[in-house]
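Engineer: Quick one, structure for this:
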Amino acid sequence: MDKTTRFGIEIEMTGITRKDAALAAQMVLGGELLYGGSYYDTYELKTFDGRAWKFTYDGSIRCETKTRGIKESASRLYSVELVSPILTYEADIEKVQEVIRALRKAGAFTNSSCGIHVHLEKKGHTPRSVRNFVNIVYARNDLFYKALGIEASRARYCKQMDDHLVESMNRKKPTTFAEIEDIWYSGYGGSREIKYHSSRYNFLNLHSLFHGHGTIELRGFNSTLHAGEVRSYIVFALALNTQALTQNSASTKKPQAENEKFAMRTYLNRIGFIGDEFKACREHLCKRLSGNAAWRRRIAA
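Structural biologist: The predicted model follows:
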């Protein structure tokens, strides 16, 4: 895993207002709180390092609050999407975790309508590495979905890689980003310039690469305010990105799934989840899977 890769993260939540969420983050990060207004009713926290953390409205979030521990419907003020500035793992991961803990302490929580999206910088990517990324995600669609516990209600926002897209990508073997772009939008109508283009609602989103932030987006994460889980998702995204960048090629062949935990553990080891630093990350990414992480097959009695 390349710890120097730049990334951004979007974390959806409810339970508190956007203003209160921004104030909770300010207690950790310091800086100046600004109100941006507009339809998205954004609060922006400008920190002393010149970066901005945004707390904005998202219409897909089911707004709730708690009264004496009982959840009840709430107004759109309780739709909160945290949009981070550009981050790096080594410099910022502790900061991200502290902000998450502060939000949780302030009363924020997540529900099945909330997701997490990780944006990875384009730097270093070539048409070959982007095709690698597509193949890596496609080959492990089922394993990743189960490991991440993707809610059925959210699946339409982070669909599995399409068979036709993957087949076309590997048959044509594009050598330019323009060719990859044409393959990506094949079958979709309307302008590619639309921000909320329907092609974006995939586990791996390349619409953001061509007509968005210039980033590769991973959308397959249920939202959580467990700081350790969020860290594991960031590490996972960075490790997938490094694998796509460094491999000469990536197969679309799906791995054995007779023992899910073993399959995931060995894969995580392969992409850099080694040692005590990533022990908790491995546990978070394997805890929903069946089987035995230590043995591929049962030992005969």
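Engineer: mind checking pLDDT for Arg296?
Structural biologist: What the model reports as pLDDT for Arg296 is 63.
Engineer: One more: Glu258?
Structural biologist: 79.
Engineer: Would you mind writing the CA trace of the worst-scoring helix or strand of the chain on mean pLDDT as CSV?
Structural biologist: Using mean pLDDT, DSSP states H and E, the weakest-scoring helix or strand in the chain turns out to be strand 32-37, at a mean of 90. This file holds the C-alpha atoms of strand 32-37, laid out as CSV (Å, rounded to 0.1, in the frame of the first residue of the first chain):
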residue,chain,number,x,y,z
GLU,A,32,-12.8,29.2,11.2
LEU,A,33,-16.3,28.1,10.6
LEU,A,34,-18.1,29.6,7.6
TYR,A,35,-21.6,29.3,6.4
GLY,A,36,-21.8,28.9,2.6
GLY,A,37,-25.6,28.8,2.2
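Engineer: which neighbours does that strand have in its sheet, and in what orientation?
Structural biologist: strand 42-46 (antiparallel) (DSSP bridges).
Engineer: Quick one: mean pLDDT over the partner strand.
Structural biologist: The model assigns strand 42-46 a mean pLDDT of 97.
Engineer: any idea which helix or strand comes after that strand?
Structural biologist: Sequence order places strand 52-56 as the next helix or strand after strand 42-46, per DSSP states H and E.
Engineer: and for the helix or strand just after that next one, what are the contacting residues?
Structural biologist: Using DSSP H and E, the helix or strand that directly follows strand 52-56 along the chain is strand 64-67. Under the criterion C-beta atoms under 8 Å, 6 or more residues apart in numbering, residues 14-16, 71-74, 78, 107, 109, 111 lie in contact with strand 64-67. Glycine gets a C-beta too; all of them are placed from N, C-alpha and C.
Engineer: What is the most widely separated pair among those?
Structural biologist: For the contacts of strand 64-67, the maximum inter-member distance is 15.8 Å, found between Ser73 and Gly107 (C-beta to C-beta).
Engineer: More neighbours: which of these two?
Structural biologist: Gly107 (15 against 9; other C-beta atoms under 10 Å).
Engineer: And that one, how close does it get to His226?
Structural biologist: 15 Å (C-beta to C-beta, to the nearest Å).
Engineer: Check Leu29 too.
Structural biologist: Distance from Leu29 to His226, by C-beta to C-beta: 20 Å.
Engineer: in the longest helix anywhere in the chain, what counts as buried?
Structural biologist: When the chain is parsed with DSSP state H, its longest helix is helix 227-246. Neighbour-count burial for helix 227-246, counted by 16 or more other C-beta atoms under 10 Å, picks out 227, 229-245.
Engineer: about what we covered before: so what angle separates the directions of the least confident helix or strand of the chain and strand 52-56?
Structural biologist: 40 degrees (axes from the mean of the first three to the mean of the last three C-alpha atoms, to 10 degrees).
Engineer: next one: strand 32-37 to chain centre, how far?
Structural biologist: When distances are taken as C-alpha atoms, centre = their mean, to the nearest Å, strand 32-37 is centred 26 Å away from the chain's centroid.
Engineer: Give me the residues contacting it.
Structural biologist: With C-beta under 8 Å, 6+ apart, strand 32-37 has contacts from 19, 22-23, 26, 42-46, 54.
Engineer: Thank you, goodbye.
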